[in-house]
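Participant: Attaching a predicted model along with its sequence, questions to come.
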Amino acid sequence: MTKKIYNFNLNRADNDIVNNNIQLTSKAFDIELSDELYVGSSDNYHLSSDDLANFGLDNIVTGKQEPSIINLQDVKIYRYPKLNLPRQKFDLLKERFDCKITRNSDKADIHVVSYKFLESIFTYNWYSNRFLEYKDFVRVCIVAKEKDMFTNDALNQLREFLSNMDQNSIVAFNNNYYNNNNNIQIWKDQFLKITEPFHKAADLGSRVVVIEKNNLDNYNKVINSVATVVFDTAITEIIDEDLAVIEDDQYDTIEQMIISSDIENRTLALEMLANCNIEKSFNVVSSLYWWHYDWMKATNNWNTVNVKAMRSRLKSYEGGHDYNNVYSYDRYIMALTDDRKLTKFAVDRTRFLFLNKCLGSMVGPGAGVFKVDLEHLVLKEKYNNSINE
């Protein structure tokens, strides 16, 4: 459930502060209703499955739930933007279940969304220590009053603001920094020091998540939908449920086919990738596509329907990537993180390639003096926390 946000703003001018007593006057501050709405907080780098319930999105059917929850027979489907679901896949869906695509969300039986679309609705605020619940803000103000940090006029104004505010709201402090010699900054530092134990007790995540006014309709449309709302990945699993899964231990064999000088071998390997269950084979398919994109293009079936569908799904992974450039390894891990497809296999294989192919002559197997062991080459915490078990 969303909450209103009120911005607690401090004015800049020194003369808005009463002499050296560092008391706030009524002219020195105001509290105004924000256009943003608070939805929750998170420690995650991206919107995760754990965040869904916290942000009011637990009505969405995920790919981890039973496929029987989703009935596709003879239904009308509404597509939200930013789906990882090629139109060719929808064509297969229509043929198999005799369902239809509609542009009218009110007439649809099923709404299909993606994590990418939902993330575009939310804004992640990195300063979670700026936010307090209304009840905690009142308590902070009481402590500040006891420390004689307000003039009488300011207290009266503050009481008036508080009486008109929604008591189930959030108060946000502006993040402006004033010169150290400015009395406003001195007052602000003292006030924020009072808020610290309240922030600690509230135990907010490292990021506060808000919705801007222009995204509110989309958010409400999803959470209040009378249609069944499902993730694009859940639909893909249904479409691809009968397709073969390429296991991780098949990687090396298919890689040799992909980089073969024989175009027929490369064509056959590409056909295998395009006709597999891509979501469940993502470790293999995404990595081969990332590192050997140019080899795959040099085939006889690059423009066939199935391969085009795979290319659409792997749009974020296309292009030539140089083994000797750290950027290639960084971007691959970031792409997997964005797709929520980062796995231990993908991390371990990327670490191995990075050490042996990029760092080899410096600190890897080919180094002359320095050495870094593979177990010491690890991801930063924010990416490590994104690994799927």
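Facilitator: Here it is on my side, so go on.

Participant: So which residues of the stretch 251-389 of the chain form helices?
Facilitator: Along the stretch 251-389 of the chain, counting by DSSP state H, counting those that start in this stretch, helices occupy 251-258, 263-274, 282-291, 293-297, 305-313, 326-338, 344-353, 381-384.

Participant: Least reliable of those by average pLDDT, please.
Facilitator: Ranked by mean pLDDT, the helices of the stretch 251-389 of the chain bottom out at helix 381-384, which scores a mean of 83.

Participant: which residues sit against that helix?
Facilitator: 45, 333-334, 337, 342, 378 (C-beta atoms under 8 Å, 6 or more residues apart in numbering). (C-beta placed from N, C-alpha, C; glycine too.)

Participant: Now restrict these to buried residues only.
Facilitator: Buried subset of these (neighbour count, 16 or more other C-beta atoms under 10 Å): 45, 333, 337, 342.

Participant: Torsion angles phi and psi at Asp242?
Facilitator: Torsion angles at Asp242 (phi, psi; degrees, to the nearest 10) stand at phi -90, psi 0.

Participant: Tell me how far it lies from Phe97.
Facilitator: To Phe97, Asp242 is 14 Å away according to C-beta to C-beta, to the nearest Å.

Participant: which one of the contacts of helix 381-384 is nearest Ile70?
Facilitator: Among the contacts of helix 381-384, Leu342 lies closest to Ile70 (C-beta to C-beta), at 25.7 Å.

Participant: The closest one is in contact with Leu336, isn't it?
Facilitator: Yes: applying C-beta atoms under 8 Å as the test, Leu342 and Leu336 come out as touching, 4.2 Å apart.

Participant: Where does pLDDT dip in this protein?
Facilitator: For the chain, the stretches with pLDDT under 70 are 12-20, 63-68, 175-181, 389.

Participant: Closest to the centroid, which residue in this protein?
Facilitator: Residue closest to the mean C-alpha point of the chain, counted by C-alpha atoms, centre = their mean, is His46 at 2.4 Å.

Participant: OK, contacts around that residue?
Facilitator: His46 makes contacts with 115, 119, 337-338, 340, 386, as judged by C-beta under 8 Å, 6+ apart.

Participant: at 10 Å what do you get?
Facilitator: 115-116, 119, 124, 337-340, 382, 386 (C-beta atoms under 10 Å, 6 or more residues apart in numbering).

Participant: farthest pair in these?
Facilitator: Greatest spatial distance among the contacts of His46 (C-beta to C-beta): Lys116 and Lys382, at 18.6 Å.

Participant: More neighbours: Asp242 and Phe97, which one.
Facilitator: More crowded of Asp242 and Phe97, by other C-beta atoms under 10 Å: Phe97, with 16 against 7.

Participant: Going toward the C-terminus from the lengthiest helix in the chain, what's the next helix or strand?
Facilitator: Of all the segments of type helix in the chain, defined by DSSP state H, the longest one is helix 183-202. Remark: after helix 183-202, the chain's next helix or strand is strand 207-211, criterion DSSP states H and E.

Participant: what's that next one in contact with?
Facilitator: By C-beta under 10 Å, 6+ apart, the residues outside strand 207-211 that reach it are 2-3, 5, 34-45, 47, 51, 54-55, 119, 121-131, 170, 172, 218-220.
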